[in-house]
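Chemist: Following is a predicted model, sequence given first.
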Amino acid sequence: MTAEIVAIGTELLLGEIADTDSQLLGRLLAQFGVNHTRRTTVGDNLERMVQAIREALQRADLVFTIGGLGPTQDDLTRHAIAEALGEELITDEAVVEWLRKRTEERRRPWVDSLARQALRPACCKTIENPVGTAPGLICEKDGKTVIALPGPKSEFRNMLDGAVTDWLAERSEGVILSQTVRIVGIPEAAVEERVRDLVEGANPTVAPLVKPGEVHLRVTAKAATEKEAQALISPVAAYIRERFGNAAFGEGGRDLAEEVVDLLRSCRRTLATAESCTGGMLGERITSVAGASDVYLGGYVTYSNEMKARMLAVERVDLDRFGAVSEPVARQMAEGARRSAGSDYGVAITGIAGPSGGTPEKPVGLVYIVVAGPGGMAVCEERFGGDRENVRVRATQAALAMLRERLVAE
């Protein structure tokens, strides 16, 4: 079975909201072995909606529409499906009665436009909406199926987990399973070169995905059952971990911060942080991990030179001589955090995130990272590209990678 998604809404085209519904649906299709081949986004225009649905039906067995099922004049999905399928649009009186009852229960006045949600192509069945008022639709004709789902997340998720999952389970042809091995500290080109032979495989496939400070290797297999798919994936994932050694650090949704917290716990070590250009982002990433309080004692956000001197005992003469963005200051920040908190490790980040503040000697993107611990100090000078947010994210990623390297070596 092949499937396509047609996401509907001018707000999607304008970038006002992100299409997370399609992301969730894509994961569910993979779970049931459905080949999801294309995703289209179209605005609230009837002609273009009809065209998008017709074209999708020519290519795929199953077409999902998301959005455009509400009561307003620009909610045209029902009309578009009816026209695309060549079906009459009828009023479902049972749905009208349900809408009136729902309105009374919520103590709201009845508005005639609400009845638009009771319209459906004649060949369609409705999907109950226990959260909102717009029913979903399942339309089957000439061996093709169109499933229409509402856009609001709570309504969409309820139907996805209920009626859509049940429908797919009855027709399941297998599963598509993925497992991701994360690689840190090795550039994308070098990672791809090392796995070139694996990338050329058919089942399972190996695909590199670039993330800030990481490269993800996604291993995907298709099989009749999840157990069989996992049996295809496991030896390949194990081979990747063996090939990259300590640079391979996690699987699935496991974040580098989770890895570091677990390593600190297993090594029985504690951590404190000192941040300047990242403004507490490193501490936030660590504290987002459940149980981080076992190992993380606290952090110091010392944005100004005065705060660096007062809170971390950075020598004022060094701040004047070398500047806040320098190796001597970064070293003192890390040691100051460690000493003040009484932790085993101190990690410091200071840099120029931009877009202004750079000079020829110290350009935007220059960052110093120091890990101070029982075995001494590790210092890293980085020059990150990209915008302000990218510099800050990559700095925290590099700091976590450095700390992880020290902990793995313990």
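Modeler: Here it is on my side, so go on.
Chemist: Test my guess that V50 contacts R78.
Modeler: No: contact between V50 and R78 fails when scored by Cβ atoms under 8 Å: they sit 11.7 Å apart. All C-beta atoms are positioned from the backbone trio N, CA, C, and that covers glycine.
Chemist: who has more neighbours, the two?
Modeler: R78 (24 against 19; other Cβ atoms under 10 Å).
Chemist: Where does that one sit, in terms of helix or strand?
Modeler: helix 77-85 (DSSP states H and E).
Chemist: cool, and Y300?
Modeler: Going by DSSP H and E, Y300 is part of strand 296-301.
Chemist: V236 now?
Modeler: Using DSSP H and E, V236 falls in helix 226-244.
Chemist: what comes up buried for that helix?
Modeler: Buried residues in helix 226-244, defined by neighbour count with 16 or more other Cβ atoms under 10 Å: A229, L232, I233, V236, A237, I240, R241, R243, F244.
Chemist: and if you look at stretch 331-350?
Modeler: Neighbour count says stretch 331-350 has 331-338, 340-341, 343-350 buried, by 16+ other Cβ under 10 Å.
Chemist: What is whichever strand or helix holds R404 packed up against?
Modeler: Secondary structure assignment for R404, by DSSP H and E: helix 388-409. The contact analysis (3 or more Cβ pairs under 8 Å, 6 or more residues apart in numbering; DSSP states H and E) places helix 388-409 against strand 175-184, helix 256-267, helix 281-287, strand 345-351, strand 366-373, strand 376-383.
Chemist: The lowest-mean-pLDDT helix or strand in the chain pairs with which strands, parallel or anti?
Modeler: One helix or strand of the chain scores below all others by mean pLDDT, DSSP states H and E: strand 248-251, with a mean of 79. When pairing is defined by DSSP bridges, strand 248-251 lines up against strand 175-184 (antiparallel).
Chemist: Correct me if wrong: D387 contacts G354.
Modeler: Yes: using Cβ under 8 Å, D387 is in contact with G354, at 7.1 Å.
Chemist: where along the stretch 1-150 of the chain do the strands fall?
Modeler: Secondary structure of the stretch 1-150 of the chain (DSSP state E, counting those that start in this stretch): strands at 2-8, 35-42, 62-66, 89-91, 119-121, 124-127, 136-141, 144-149.
Chemist: ok so, going back, how far is the least confident helix or strand of the chain from where the chain is centred?
Modeler: Here strand 248-251 is found 17 Å from its chain centre; the criterion is Cα atoms, centre = their mean, to the nearest Å.
Chemist: Let me know which of the helices and strands packed on helix 388-409 is tucked in deepest.
Modeler: strand 345-351 (a mean of 29; mean count of other Cβ atoms under 10 Å).
Chemist: Who are the packing partners of it?
Modeler: Right, strand 345-351 is packed against strand 271-275, helix 327-341, strand 366-373, helix 388-409 by 3+ Cβ pairs under 8 Å, 6+ apart.
Chemist: okay if I get the helices and strands packed on helix 388-409 as JSON lines plus distance to E88 and mean pLDDT?
Modeler: Output for those, formatted as JSON lines (distance: least, Cβ to Cβ, whole Å; pLDDT from 0 to 100):
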{"stretch": "strand 175-184", "distance to E88": "37", "mean pLDDT": "89"}
{"stretch": "helix 256-267", "distance to E88": "54", "mean pLDDT": "96"}
{"stretch": "helix 281-287", "distance to E88": "55", "mean pLDDT": "98"}
{"stretch": "strand 345-351", "distance to E88": "64", "mean pLDDT": "98"}
{"stretch": "strand 366-373", "distance to E88": "64", "mean pLDDT": "98"}
{"stretch": "strand 376-383", "distance to E88": "64", "mean pLDDT": "96"}
